[in-house]
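Novice: Here you go, sequence then predicted model.
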Amino acid sequence: MTAILKELRLLEAEHARGRITDADLARRKAELMKDIPDAFEVANTDVEPTPASDNNSWDMLALLLIAAALCGSAVLLIVGDIFMAMTFGITVLAALTIKLFLSIED
């Protein structure tokens with residue numbers, strides 16, 4: 001594309017200097033422009049979003065509880081302290097619950 005723009009500038013510079021006539025300028029511009037492929041218009045398809053079901057919230061909450069239990073169990077196995085495991089599990093549950101509520105608002 002920049003090569004074509006450069007050619008157009010050169011043609012207009014030659015025309016300004018009087019080296020080519022108006023007819024030659026128009027003909028040579030038309031030759032340059034025919035080499036540029038045309039852009040096709042894409043048809044706009046309207047897609048209606050599917051309504052979210054109410055079961056998604058309960059499914060997500062169950063998934064969050066399972067994830068918090070797994071995280072707490074992993075910490076319990078690694079560290080061996082049940083209080084630290086419960087703290088970590090509750091923290092993960094709180095973070096994931098906030099994420100759930102934010103996704104419900106959208």
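Specialist: Right, received. Where do you want to start?

Novice: where does the chain dip in pLDDT?
Specialist: 1, 38-44, 50-56, 106 (pLDDT under 70).

Novice: domains in it, as residue ranges please.
Specialist: The chain resolves into domains spanning 2-34, 55-105 when parsed by automatic domain parsing.

Novice: Which of the ones you listed has the highest mean neighbour count?
Specialist: domain 55-105 (a mean of 13; mean count of other Cβ atoms under 10 Å). Backbone N, C-alpha and C define where each C-beta goes, glycine included.

Novice: from the chain's centre, how far out does it sit?
Specialist: Its chain's average C-alpha position is 29 Å from that of domain 55-105, according to Cα atoms, centre = their mean, to the nearest Å.

Novice: could the domains of the chain be laid out in JSON lines, adding distance to Pro49?
Specialist: Below are these laid out as JSON lines (distance: least, Cβ to Cβ, whole Å):
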{"stretch": "domain 2-34", "distance to Pro49": "41"}
{"stretch": "domain 55-105", "distance to Pro49": "14"}
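
Novice: what about the helices in this structure?
Specialist: 2-17, 22-34, 55-79, 82-105 (DSSP state H).

Novice: angle of the first one against helix 22-34?
Specialist: Using axes from the mean of the first three to the mean of the last three Cα atoms, to 10 degrees, one finds that helix 2-17 and helix 22-34 are set 180 degrees apart in direction.

Novice: Also the last one?
Specialist: Here helix 82-105 runs at an angle of 140 degrees relative to helix 22-34 (the same axes, to 10 degrees).

Novice: Please identify which of the domains of the chain is closest to Thr45.
Specialist: Ranking the domains of the chain by proximity to Thr45 (Cβ to Cβ) places domain 55-105 first, at 25.8 Å.

Novice: sorry, back to before: to Glu48, which of the domains of the chain lies closest?
Specialist: domain 55-105 (18.1 Å).
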